[in-house]
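Participant: give me the fold of what follows.
(chains A and B)
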Amino acid sequence: GAVVSQHPSWVICKSGTSVKIECRSLDFQATTMFWYRQFPKQSLMLMATSNEGSKATYEQGVEKDKFLINHASLTLSTLTVTSAHPEDSSFYICSARDHGTSRYEQYFGPGTRLTVT
Amino acid sequence: AQKVTQAQTEISVVEKEDVTLDCVYETRDTTYYLFWYKQPPSGELVFLIRRNSFDEQNEISGRYSWNFQKSTSSFNFTITASQVVDSAVYFCALASGYSTLTFGKGTMLLVSP
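Facilitator: Sure, this is the predicted structure:
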């Protein structure tokens, strides 16, 4: 089956620093990748949608200058949290859509737990 | 706009009990997909099932079964003879039209021995 990996699985950083999270589709080409954020005891909230080779589309209320998304290849998307603050501490999950399958199908990564101290 | 409602925030059962998790959805599209995911404490989403709007057949997979009823816009999930390992948060989700996946708020299931 389609596998999506994320790295790192968890990260602790100091307030004011930036952290990069990678999302890779391991055995398929992902023309579209999605980034979600999940706070404790809450649901997944879509942050942005990225298409390979073009700028990401951000959901309302998500600061694009703070959450930089790059989707430079069909197998890799990165999310950089710039100048992180404690309120950015959350569980970040990416998903990827297989180029050749239904637009409704998404494969999820295992998530990255970010803690900002 | 599309919406998914999981009215049950938390359910507690004792092992071997049957439990049903409710999911009600809203969409104006005639073509759509419904999903159920399990999120154990580790956080990784586990895909359980996908159902398209044209297939109203109920499905059974081991101890899991799903009841899809378009007339009531519901896609309920039943676990038979629950086990401690079933303890997790369960999400119902909807994808339709050009909208991305919309998740319900989730139902936390706690199965005690």
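Participant: shaky segments in the chain?
Facilitator: Assuming you mean chain A. Per-residue confidence of chain A (counting by pLDDT under 70) places the weak regions at A:99-103.
Participant: which residues of chain A lie near chain B?
Facilitator: A:34, A:41-44, A:46, A:49, A:91, A:93, A:95, A:102, A:104-108, A:110-111, A:113 (Cβ under 8 Å from any Cβ of the partner chain). For the C-beta atoms, the positions are set from N, CA and C on the backbone; glycine is no exception.
Participant: in ChimeraX, how would I select the buried members of those residues?
Facilitator: Buried members of the residues of chain A next to chain B, defined by 16 or more other Cβ atoms under 10 Å in any protein chain shown, are picked up in ChimeraX with:
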select /A:34,43,44,46,49,91,93,95,104,105,106,107,108,110,111
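Participant: neighbouring strands for the helix or strand of chain B with the lowest mean pLDDT, and are they parallel or not?
Facilitator: The helix or strand with the lowest mean pLDDT-type score in chain B, counting by mean pLDDT, DSSP states H and E, is strand B:59-61 (a mean of 89). When pairing is defined by DSSP bridges, strand B:59-61 lines up against strand B:64-69 (antiparallel).
Participant: which residues touch the partner strand?
Facilitator: For strand B:64-69, the external contacting residues (Cβ atoms under 8 Å, 6 or more residues apart in numbering or on different chains) are B:34, B:36, B:48-49, B:51, B:55-60, B:74-80.
Participant: CA atoms only for the helix or strand hosting A:Met47, dumped as CSV, please.
Facilitator: Assigned by DSSP states H and E, A:Met47 falls within strand A:45-51. Extracted C-alpha coordinates of strand A:45-51, given in CSV (Å, rounded to 0.1, in the frame of the first residue of the first chain):
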residue,chain,number,x,y,z
MET,A,45,-7.5,20.9,10.9
LEU,A,46,-6.3,21.5,7.4
MET,A,47,-3.6,24.1,7.3
ALA,A,48,-2.7,24.1,3.6
THR,A,49,-2.7,22.2,0.4
SER,A,50,0.4,22.0,-1.8
ASN,A,51,0.8,21.0,-5.4
